[in-house]
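Novice: heads up, no residue letters with this:
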């Protein structure tokens, strides 16, 4: 009997160990596939930016987009992941952050650590996504290397500092003020949109965008179908992105990244309802498939902060209203002389701001964990202000320094000729299209889509 | 090049190449950081040279 009990105990212990390992591996698998899906966001941004560019700049836009990804991943390894773990308390370094330094034994293959690699990878993809938001807005006139520096600052420093503060169970915005941002509307979209706005103010509009009286011209995308498909790919990738925003706790309930109980089902309900609402809002306002898809994206962003909380029809209504409002904001931004080639400031900046603030309006009172305050409007407003400023101020200042040294923008001659001719050794469309550089029409510019004449100004 | 920090899998933890060699880890790390910086620096000069060429050509 005694012997049988001992054997039974051993079997139970073996079973427990096997279950624990199986749970750990399931967790790894979950984030692995979230990361893989997030790559689709970059496929989408790539298609989207190429489609939005005129024919003379298509491949330069592609190179810029690809290199943003390539430079953010290693720099996020060098210092981004450490920033997230070091600064949840503000600007003091947290205990235990040394495990995320690039020379730590956790930052590489390690049989005693199944978690760090997959979490780092998911966060690296968040970082690359944040940098890509800037990428589309500045196409066709920014210097490639200037953009790369800006992308590194945004993707491997600023957003992740905001995430440490408000998208982390120990972040001071959450623990002291009850800030709630389950789907990263603030620390990814708002901060990227605000940073982009700061850069655009210094970068200036593309040649031909505005007439002498200040009225804007439409610099038409060379391929709207590519653009729309790109946006749909971004939506596909969003499911990986949002999956990466929820914490898989082996043996326990999911939690959001702030540590509050949540379900993946809640994310599923509200992501789809937000997407649908956004598309309908965009359709009501514009009837334009580009804006319908952009508004589908902004619909998700507008409900992202409270993705774990919304009653789905409320999420639908928030997204619909946001989908109506955001194209109007984009038009206003264009009218005041800011040339945002893809509407990134409106979609990500304003969409992210709405996402953060509506939680304070419609979801106040939800309890927090570990003694932190419940969700409240002030906490959401504070998070909005902190992330807005953390994006805008560095974006403006760094790009202002670049501008003052002549480093920010390509020369006028190059912009008119097209970046592809200068920066790319191959042609996007070698057959059947007239190369824009061959044209010298002194066009004041009304329609510069495709291979149409290049405006003198 | 013998870079394995382990001689058996039993009890192994960090097993990436050079994990037991602090100097080599730092060397690789600094080299990769320096490489990225150099690439941006080189890219900047390359861009500037190309832009100047275009400007001269008119």
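Specialist: Arrived safely, thanks for sending. Everything quoted here is computed from the prediction, not taken from an experiment.

Novice: nearest spatial neighbour of the residue of the stretch 151-300 of chain A found nearest chain B, skipping sequence neighbours?
Specialist: Residue of the stretch 151-300 of chain A nearest chain B, by Cβ to the nearest Cβ: residue A:152 (8.6 Å). C-beta coordinates here come from the backbone N, C-alpha and C atoms, glycine included. What sits nearest to residue A:152 in space, not counting adjacent residues and going by Cβ to Cβ, 6 or more residues apart in numbering or on different chains, is residue A:75, at 5.0 Å.

Novice: just the strands in the stretch 201-350 of chain A please.
Specialist: With strands called from DSSP state E, counting those that start in this stretch, the stretch 201-350 of chain A shows them at A:246-247, A:255-256.

Novice: and these as CSV, adding mean pLDDT, distance to chain B and mean neighbour count?
Specialist: Shown next, in CSV, are the strands of the stretch 201-350 of chain A (pLDDT from 0 to 100; distance: least, Cβ to the nearest Cβ, whole Å; neighbours: other Cβ atoms under 10 Å in any protein chain shown):
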stretch, mean pLDDT, distance to chain B, mean neighbour count
strand A:246-247, 95, 24, 20
strand A:255-256, 96, 27, 22
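
Novice: Just give me the neighbour total for residue A:99.
Specialist: 14 (other Cβ atoms under 10 Å in any protein chain shown).

Novice: In this structure it contacts residue A:84, no?
Specialist: No - if you go by Cβ atoms under 8 Å, residue A:99 and residue A:84 don't touch, sitting 11.7 Å apart.

Novice: so where is the chain shaky, pLDDT-wise?
Specialist: The chain I'm using is chain A. A:431-457 (pLDDT under 70).

Novice: could you do chain B instead?
Specialist: B:58.

Novice: Can you pull the residues of it lying near chain A?
Specialist: B:9, B:12-16, B:19, B:22, B:25-26, B:29, B:32-33, B:36, B:40, B:43-44, B:47, B:50-51, B:54-55, B:58 (Cβ under 8 Å from any Cβ of the partner chain).

Novice: Just these: which are in helices?
Specialist: Taking DSSP state H as the definition of helices, the residues of chain B next to chain A contribute B:22, B:25-26, B:29, B:32-33, B:36, B:40, B:43-44, B:47, B:50-51, B:54-55.

Novice: Next, work out how far apart the residue positioned nearest the centre of chain A and chain B are.
Specialist: Centroid-nearest residue in chain A, with Cα atoms, centre = their mean: residue A:130, separated by 3.5 Å. Separation of residue A:130 from chain B (Cβ to the nearest Cβ, to the nearest Å): 18 Å.

Novice: Determine the three-state secondary structure at that residue.
Specialist: Secondary structure, DSSP: H, G, I helix; E, B strand; the rest coil: residue A:130 is helix.

Novice: surely it meets residue A:188?
Specialist: Yes - at 5.2 Å, residue A:130 and residue A:188 qualify as touching, with contact defined as Cβ under 8 Å.

Novice: shared neighbours, those two?
Specialist: residue A:159 (Cβ atoms under 8 Å, 6 or more residues apart in numbering or on different chains).

Novice: Next, count neighbours for residue 11.
Specialist: Assuming you mean chain A. 10.

Novice: Correction: the question concerned chain B.
Specialist: Around residue B:11 there are 8 residues (other Cβ under 10 Å).

Novice: mind checking how far it is from residue A:115?
Specialist: In this view, residue B:11 and residue A:115 are 20 Å apart by Cβ to Cβ, to the nearest Å.

Novice: show me what contacts whichever residue of the stretch 251-400 of chain A sits closest to chain B?
Specialist: Residue of the stretch 251-400 of chain A nearest chain B, by Cβ to the nearest Cβ: residue A:398 (14.1 Å). Listed by Cβ under 8 Å, 6+ apart, the contact partners of residue A:398 are A:149, A:150, A:153.

Novice: secondary structure element for the last one?
Specialist: Right, the one you point to is residue A:153. If you go by DSSP states H and E, residue A:153 is part of helix A:144-153.

Novice: Three-state assignment for residue A:92, please.
Specialist: Per three-state DSSP, residue A:92 ends up coil.

Novice: Over to the closest residue to residue B:22 other than its chain neighbours. Which of the three states is it?
Specialist: Among residues not flanking residue B:22 along the chain, residue A:103 sits closest, at 7.7 Å (Cβ to Cβ, 6+ apart). Under three-state DSSP, residue A:103 falls in the coil class.
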